[in-house]
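> Quick one: sequence and predicted model below, then my questions.
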Amino acid sequence: MSRRAPWLLILLALGFVASESLRDTFFPSSAPHGAESEAFEDTQAPPHGAAGENEAGGPRLLVSPRRPEDPAGIAAREAALAAARAAAAAQARAALQVTWGGALVDASGRPVAGARIVLANEVESFTLTTREDGTFDGALLPGRYDVLITALGRGSLYLEDYVVDGVARLDLALQLAPPLTLSFVLEREGRGVEGARASLKLTRWRWAGQAAVAGQVTDAAGRAVFAELHAGTYELRVDVPQGPELVQTVELKEDREIRAQVPSGTQLSGVVRDASTKGSVAGALLRVVTAVKDGPSFVCLATSEADGSFRLLVPKGTPREIAVTAAGYAPWPSPREQGRVLGQLQGLAAGKEPVLSVPLEAGAAVSGRITQQETKAPLPGVSLLFRPRRGPNVHATSDAEGRYVLEHINPGRYQIVVETPGWFPEQPLELDIRAGRAEPIAFDIALLGARTLEGVVVMSAGAPVQGARVWLTGGGQIVKSARSAGRPLETFSGARGTWQIHDVPPHLVVAVRAQLGALEAVPVFANMKQPPAGPLKLTLAGTVNLAGRVLDQGTGEPVPNARVQLTPKGPPWGREGRTVTTDAQGAFRMEGLIPGDFDAVPRRGDYLASQPRALTLSADDAEERVELALDPGLVLAGVVSDTSGRAVGGTVAADGIPDGQTSPLRRSQPLGADGRFRLTGFAPGVYRVRVNAKGFKGQTLENLRGGENRLRFSLEPVPVPGS
């Protein structure tokens, strides 16, 4: 059982005991007022107030009517229940908290006193302050946090996804970076925009408001300055007077100035209607996002009038997002329609004025109950993420009875991810909502409680290793989904090399890995249906780096943008493969490989497929070097011109079936400025080459064998009507 999540069960049990005790005090012989208990339903007894048959065949009252209860009594009972639940929650939290701490120093190694350390996740935050000697510690709940450390006049430090586990850590030494400055200048038609309100916040900060920087207002020159910042990724938002909202992501590594122009706008209009009744929908919120190449995005909002119409001035640019929402309707467009609707808005970049017809549909309703699979007990407070293939995610959380409800969601296929640590589905969860479905969908979910793995990290001589990262791999889609939902499934070894991972799926085979710098352990497998009887031992050893180049087999020239795939072969089992891309010089590098046998395969779309190259990496050599070759195969090359001999721009494509194969082989590329093309990577076979150019008739050459490099295409213009 996860140490991050059992507080849910503890709270449920303690709250149940407290509520039973209080119920016996206030209602010694009756069920709670205004509710039918689960016991009636489970025994198929009629609900409160229903009539039954007596022995003589006449009606009899199963439960006598209650007198109206005094409101003061109701309030007192609810207050007592709330106090009991709060006490149970406090007791559960105290049982789960661990000690975390460290020491904070500046660039010269001197302790930093009075620094403020804030740890935050999606649920809550903790704040600590360093002492005179720079040390700090506190009791926290285990989990993954974002950490912001600030010291007045000394700079700051930001850590993403820092893991706090069940091991007391007093070995953390941090150095503060110097403060940075971001200057922002907003202009319209070459002149500064005064009075624009700019705000800045870290994009990854999870605790609302904690990472927001004090807002600034642009001066007469359109300038706003943010000082005393630390390095990180920020989201800059600017409310433009009588204009849209500007949004830009800023990667801040040094002092920086950003200049932005508000482009001229174009009108977007339309009408919002009910898809079923065709009636107008008033009060619908329209949100349109356009973006300028290598510049910011602009967010524009409008609300439909009483007749459903809307008009919106949108800055010229490429449309990135559009959404229309209204109470009682699913968002429009659906993920399947998003691309089509954005295509209708492409004219915004050229200043055209598109007109949209927006049909809103009620969408689907999904509800269900989340229970523990073994006991069938309801699970309150479990957070679910419904992730569609396209479009925004949808969230739901179970109530005190384990029930959740989602209303008005779009059709499509959703992957359902359990975000709450401590619980896993037995199989990956998916829900397919068909278009046009009107009836509610019932989707109950049964979850298994997580288990704990523990062990020790040692060197080959047996000495324990402190501070090694220990994490899980394997487990298929369930583990992948849990990790993507922010559940770390990892920890660090303590002072004696010991470690524990509490959030482990109870029914899968997982691999446990450990790493410290250039040292890594051979993965150890654990079948969680039959968990290991004792601690797992992870032995760190040296790893090997692999470096090399990919060359053209014919010319010997380096091949850039080739993908090199390295696949483990044979023991030691559990090693992971790697895939990297070559740089402009055809070079690649892979670090931290566990020694053993591998197959290396280079690939690029315009070369023939390569056979695996067997490699043996030994711990005796810190780095191995290798050269891999790609076969360019046969060539189809030539030139395209019009009937007067001038080069023509367009595209060229070739396809055919190589000898002895059944799968077709295809190649394509744009024509060069001189009309030339060169398609490579063909095996002997029969091919055709097609050329297309705007304003000209297409042309095809067939029955080519490959190896032709002097093909010529002379394209005739398409006749203009009436000429």
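All right, it came through fine.
> would Gly109 count as being in a strand?
No: read with DSSP: H, G, I helix; E, B strand; the rest coil, Gly109 is coil and lies in no strand.
> Now the residue most central in space within the chain: closest residue in space that isn't a chain neighbour?
In the chain, the centroid-proximal residue (CA atoms, centre = their mean) is Ser484; its distance is 5.9 Å. Of all residues not flanking Ser484 in the chain, Val417 sits nearest, at 7.0 Å (CB to CB, 6 or more residues apart in numbering). Where C-beta positions appear, they are placed from N, C-alpha and C, glycine not excepted.
> need the contact list for that neighbour.
Contacts for Val417 were tallied using CB atoms under 8 Å, 6 or more residues apart in numbering; they are Leu384, Leu385, Arg387, Leu429, Ser481, Ala482, Ser484, Ala485.
> for this protein, where's the lowest mean pLDDT among helices and strands?
Ranking every helix and strand in the chain by mean pLDDT, DSSP states H and E puts helix 38-42 at the bottom, with a mean of 31.
> Could you count how many residues lie near Leu384?
24 (other CB atoms under 10 Å).
> Residue numbering should commence at 53 henceforth.
Noted, 53 is the first residue going forward, which turns the last one into Leu436.
> Next, count neighbours for the residue nearest to it when sequence neighbours are not counted.
The shortest distance from Leu436 to any non-neighbouring residue, by CB to CB, 6+ apart, is to Ala448 (4.8 Å). Neighbour count for Ala448, taken as other CB under 10 Å: 19.
> before we move on, what about Asp484?
9.
> same deal with Leu211?
So Leu211, with other CB under 10 Å, has 15 neighbours.
> In the beta-sheet assignment, what are the partners of it?
With DSSP bridges as the criterion, Leu211 is bridged to Val199.
> At which residues are the helices of the protein located?
Shown for the chain, the helices assigned by DSSP state H span residues 59-78, 90-94, 123-148, 390-396, 528-536.
> where does this structure have low pLDDT?
Along the chain, segments meeting pLDDT under 70 span 53-127, 129-131, 133-134, 136-148, 174-176, 204-208, 217-229, 256-264, 488-490, 774-775.
> Which segments of it make up each domain?
With domains defined by automatic domain parsing, the chain comprises 53-97+122-148, 151-227, 232-313, 317-407, 416-500, 502-594, 596-682, 686-767.
> Pro773 is nearest to which of those domains?
Among the domains of the chain, domain 686-767 comes nearest to Pro773, with 13.4 Å by CB to CB.
> Quick one: residues contacting the closest residue in space to Val333 that isn't next to it in sequence.
Excluding its sequence neighbours, the residue lying closest to Val333 (CB to CB, 6+ apart) is Val324, at 4.5 Å. The neighbourhood of Val324, defined by CB under 8 Å, 6+ apart, consists of Ser332, Val333, Ala336, Leu338, Ser356, Gly360, Ser361, Phe362, Val376, Ala378, Val410, Leu412.
> cool, and Val574?
Contact analysis of Val574 by CB under 8 Å, 6+ apart lists Thr591, Ala593, Pro624, Gly626, Arg627, Ile646.
> Any chance of TSV for the residues you listed, columns distance to Glu246 and neighbour count?
TSV is the format used below for these (distance: CB to CB, whole Å; neighbours: other CB atoms under 10 Å):
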residue	distance to Glu246	neighbour count
Thr591	65	18
Ala593	64	13
Pro624	66	13
Gly626	62	17
Arg627	61	23
Ile646	61	21
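> Just the closest of these to Val653, please.
Val653 has its nearest neighbour among these in Arg627, at 16.4 Å by CB to CB.
> hang on, that closest one packs against Pro647?
No: with contact defined as CB atoms under 8 Å, Arg627 does not reach Pro647; the gap is 9.1 Å.
> Thought Leu458 was touching the residue nearest to Leu436, still the case?
Yes: at 5.2 Å, Ala448 counts as touching Leu458 under the criterion of CB under 8 Å.
> Quickly list what's touching both of the two.
Common contact partners of Ala448 and Leu458 (CB under 8 Å, 6+ apart): Phe438.
> And the contacts of stretch 243-251?
For stretch 243-251, contacts defined as CB under 8 Å, 6+ apart pick out 236-239, 264-265, 267-276, 278, 288-293, 314.
> Mind checking which of the residues you listed land in strands?
Those of the contacts of stretch 243-251 mapping onto strands are 236-239, 264-265, 267-269, 275-276, 278, 288-291, per DSSP state E.
> Buried subset of those residues as a ChimeraX selection?
Burial among those is assessed by 16 or more other CB atoms under 10 Å; the matching ChimeraX selection reads:
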select :236,237,238,239,265,268,275,276,278,288,289,290,291
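> Nearest to Pro575 among the ones in strands among the contacts of stretch 243-251?
Nearest to Pro575 among the ones in strands among the contacts of stretch 243-251, counting by CB to CB, is Ala264 at 41.8 Å.
> tally of neighbours for the nearest residue to Gln552 once chain neighbours are set aside?
Nearest residue to Gln552 in three dimensions, chain neighbours excluded: Glu506, at 4.4 Å (CB to CB, 6+ apart). By other CB under 10 Å, 16 other residues sit near Glu506.
> hang on, Glu506 packs against His554?
No: taking contacts as CB under 8 Å, Glu506 lies outside contact range of His554: 9.1 Å.
> tally of neighbours for the nearest residue to Thr668 once chain neighbours are set aside?
Excluding the flanking residues, the one nearest Thr668 by CB to CB, 6+ apart is Asp649, at 5.3 Å. By the measure other CB under 10 Å, the count of residues near Asp649 is 15.
> residues contacting Asp649?
Contacts of Asp649 by CB under 8 Å, 6+ apart are Pro620, Lys621, Gly622, Ala666, Leu667, Thr668, Leu669.
> Between its first and last residues, how far does stretch 539-558 reach?
Terminal residues of stretch 539-558 are spaced 15 Å apart (CA to CA, to the nearest Å).
> List the beta-bridge partners for the residue nearest to Ser536.
Leu437.
> how near is it to Ile530?
From Val469 across to Ile530, the span is 9 Å (CB to CB, to the nearest Å).
> what do you get for Leu723?
Leu723 is 48 Å from Ile530, by CB to CB.
> in the stretch 603-752 of the chain, which spans are strands?
615-621, 630-633, 639-645, 648-655, 665-669, 675-682, 686-694, 703-710, 717-722, 728-734, 737-744, 751-756 (DSSP state E, counting those that start in this stretch).
> strand partners of the first one, parallel vs antiparallel please.
Pairing partners of strand 615-621, with direction, according to DSSP bridges: strand 630-633 (antiparallel), strand 648-655 (antiparallel).
> now what about stretch 354-364, what contacts it?
319-325, 331-338, 340, 352-353, 378.
> Can you list which of those are found in strands?
Short answer: those in strands (DSSP E) are Gln319, Leu320, Ser321, Gly322, Val323, Val324, Arg325, Leu337, Leu338, Val340, Cys352, Leu353.
> what residues are up against Ser349?
Shown in contact with Ser349 (CB under 8 Å, 6+ apart): Leu298, Val299, Gln300, Val341, Thr342, Ala343, Gly369, Arg372.
> try 7 Å this time
Val299, Gln300, Val341, Thr342, Ala343, Arg372 (CB atoms under 7 Å, 6 or more residues apart in numbering).
> again, but for Pro463
Contacts of Pro463 by CB under 7 Å, 6+ apart are Ser386, Ala416, Ile485, Arg486, Ala487, Arg489.
> Give me the phi and psi for the nearest residue to the fourth one once chain neighbours are set aside.
This means Arg486. Once flanking residues are discounted, Arg486 sits nearest to Pro463: 6.0 Å by CB to CB, 6+ apart. Taking degrees, to the nearest 10, you get phi -70, psi 160 for the backbone angles of Pro463.
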